[in-house]
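Participant: I would like to see how this sequence folds:
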Amino acid sequence: MEGERRAAAREAEAAARSSYGKLVAMLASRTRDIAAAEDALADAFAAALTQWPRDGIPANPAGWLMTVARRSFGHAAGRRRTAAAAESVLRMLDEERDEARPAAFGDDRLALMFVCAHPAIDGEAQAPLMLQTVLGLDADRIAASFLVSGATMGQRLVRAKRKIRDAGIAFAIPDPGDAPARLGAVLSAIYAAYGTAWEDVTGADGKLRDLADEAIWLARLLHQLLPDDPEVMGLLSLMLHCQARGAARRSEDGGFVPLQAQDVTLWSASMIAEAEAHLRSAARKAAPGRFQTEAAIQSLHAHQRMTGERFAEPLVRLYDVLARFAPTTGVLVARAVAHAEFGDPAGALAQLDRISNVDHYQPYWAARARISWLSGDEEAAWTLARHAAGLTNDAGVRAFLLDGGFRGSGR
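Facilitator: Below is the predicted model:
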C-alpha cells in the first residue's frame, strides 16, 4: 500500500508539473475566478492522493483532475451563490471534453496570460500573476525574481485575482489596438519564467524541471500568432542563445563554468543558428526594443567566445541602450560589468553605488568583486567575493567565487 501511495504521489506531481497551468487556465476561462479555480484544482490533487492508491492511476490523469476540479468548483459555487447563479456553473460541468475546443490563442495557457495582462490589473502584478497562475510558481520564488518580499508579492497576487473576479474581466483576445500594451507583460512573464529555470542550472528543483522548455515553447507559440512582431522574435532569439549553452555551463564534477571558459563544442549549433535567424528578422523591422537588444548582447557574447575577438566597446553600447529600455537591477549590474571590462572600473563602481535595494541580490556582490579586482583593489575583491558566495545556494557558484573565479582568465 505504501508503494502505491508513493506511485500515486509521483503521478500527481507529474500531472501538476506538466498540466497545472493548462488546467487552471481551462477552469478559470469558464469561471473568471482564478483563485477559486486554483482552490478547486487543489481539492482535485488532494482527492487524487486519496483515490489513486486505492482505485489505480487513471489512464488520463490530467482529464481526471479536470473533472474532479470542475465538480469541486460547482459544489463550492452552490454553497456560495443563489440557485439562479449556480445554473451557469452546472452547465459548465456538463461540457464534457470541452477542453478539446481550440483556444483563442491556440493554447489556454497563453490565453490566460493575456487575460492577466488586462489593463484593469495593476501593471506590477501582471507578470507575477502569469507566473503563478499559468506556470505554477509560488509567491516566494516570484518575489525573488522581482526583488521584493514574499509578503508584498503575495498581496499583489491576491489583489490581482480579486480584481479579475470582481470586475468580471473577459477571457478574450484583446482588440488589435490593445494587443501591444498587453504583449509587453506577456513577454516579461515568459522571460522571467525562463530566467527562474536558468538559475537552477543543476536541475535540483523538481518544480522548475522543464520550465525553460515551456517558456521557449510559449515564445514559439506567440511567434506563430504574431510572426511580424520584432520583440517576440527578440525574446525567442535571446532564450535560444542562452539555452544553446546549457550543456557547457557545468564541468563534469558539477563546477560552475563561466561563459568565457565554456567548451563551445558543447553548444547547440542549431539553436544558435535559429537564434541568429530570429535576431536578423527582428532587425529588419527597424523597431528596436528590450528583448532584441538583450538578444544582440547574447549574440555578441557567443561570437566573442567562438572567435576569440573582443567586443567590449559594442557590448558597452548595447548595455547602455538596454539600460534605457529596461533599467532593472539586473540590467544595471550587467551594464556596470561591461563598462569595467571596457576599461572603466572606477565609473563602473560609481554605477553600482547608485543601485539600491541590493542587500540580498547575489549578482550585485559578485559583479562588485569582479569590478574591484579590475580596479586593482584585491583585498576588497576577495572580501566581496566571500560575501557573494554566502548569498548563493549553488555549491558550484560558491566554489567558483571562493576559488577566485571572479578574477577571470588572468588569475
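
Participant: in this protein, which residue is closest to the centre?
Facilitator: Ala193 (0.8 Å; C-alpha atoms, centre = their mean).

Participant: next, count neighbours for the nearest residue to it once chain neighbours are set aside.
Facilitator: Excluding the flanking residues, the one nearest Ala193 by C-beta to C-beta, 6 or more residues apart in numbering is Ala215, at 4.5 Å. Using the backbone N, CA and C atoms, a C-beta is placed for each residue, glycine as well. Residues lying near Ala215 (other C-beta atoms under 10 Å) number 24.

Participant: just to revisit the earlier point, which strand or helix spans the residue nearest to the centre of the chain?
Facilitator: Following DSSP states H and E, one finds Ala193 within helix 179-199.

Participant: now stretch 357-369: mean pLDDT?
Facilitator: Mean pLDDT, stretch 357-369: 96.

Participant: apologies, that question was intended for stretch 231-241.
Facilitator: Here the average pLDDT along stretch 231-241 is 98.

Participant: chain center to that stretch, what's the gap?
Facilitator: 13 Å (C-alpha atoms, centre = their mean, to the nearest Å).

Participant: that older thread, tell me the helix or strand right after the helix holding Ala193.
Facilitator: helix 211-225.

Participant: pull out the buried residues from the helix or strand following that next one.
Facilitator: Moving toward the C-terminus from helix 211-225, the next helix or strand (DSSP H and E) is helix 230-244. Using 16 or more other C-beta atoms under 10 Å as the test for burial, helix 230-244 gives 230-244.

Participant: per-domain residue ranges of this structure.
Facilitator: 1-101, 323-411 (automatic domain parsing).

Participant: okay, now the unreliable bits of this structure?
Facilitator: Applying pLDDT under 70 to the chain picks out residues 1-5, 7-19, 21-22, 25-26, 28-33, 73-106, 168-177, 201-207, 209, 409-411.

Participant: what segments of it are strands?
Facilitator: For the chain, no strands are identified by DSSP state E.

Participant: mind checking how far Leu218 is from Val186?
Facilitator: 9 Å (C-beta to C-beta, to the nearest Å).

Participant: intersection of neighbour lists for the two?
Facilitator: Common contacts of Leu218 and Val186 (C-beta atoms under 8 Å, 6 or more residues apart in numbering): Leu110, Met113.

Participant: mind listing the helices for the stretch 201-350 of the chain?
Facilitator: 211-225, 230-244, 269-283, 290-307, 312-325, 329-341, 345-353 (DSSP state H, counting those that start in this stretch).

Participant: how about CSV for those, with distance to Gly150 added?
Facilitator: As requested, the helices of the stretch 201-350 of the chain are arranged in CSV below (distance: least, C-beta to C-beta, whole Å):
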stretch, distance to Gly150
helix 211-225, 19
helix 230-244, 26
helix 269-283, 34
helix 290-307, 26
helix 312-325, 28
helix 329-341, 17
helix 345-353, 26
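
Participant: out of these, deepest packed?
Facilitator: Each of the helices of the stretch 201-350 of the chain was scored by mean neighbour count; the highest is helix 230-244, a mean of 26, by mean count of other C-beta atoms under 10 Å.

Participant: how many degrees apart are it and helix 269-283 in direction?
Facilitator: Angle, helix 230-244 to helix 269-283, by axes from the mean of the first three to the mean of the last three C-alpha atoms, to 10 degrees: 160 degrees.

Participant: please compute how far helix 230-244 lies from its chain's middle.
Facilitator: With C-alpha atoms, centre = their mean, you get 13 Å for helix 230-244.

Participant: okay, it in CSV with CA atoms only?
Facilitator: In CSV, the C-alpha atoms belonging to helix 230-244 read as follows (Å, rounded to 0.1, in the frame of the first residue of the first chain):
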residue,chain,number,x,y,z
PRO,A,230,10.2,42.1,-33.5
GLU,A,231,10.1,41.9,-29.8
VAL,A,232,8.6,38.4,-29.9
MET,A,233,11.4,37.4,-32.2
GLY,A,234,13.9,39.1,-29.9
LEU,A,235,12.8,37.2,-26.9
LEU,A,236,12.9,33.9,-28.7
SER,A,237,16.4,34.7,-30.0
LEU,A,238,17.5,35.6,-26.5
MET,A,239,16.3,32.4,-24.9
LEU,A,240,17.6,30.2,-27.7
HIS,A,241,21.1,31.8,-27.4
CYS,A,242,21.1,31.1,-23.6
GLN,A,243,19.6,27.6,-24.0
ALA,A,244,22.2,26.7,-26.6
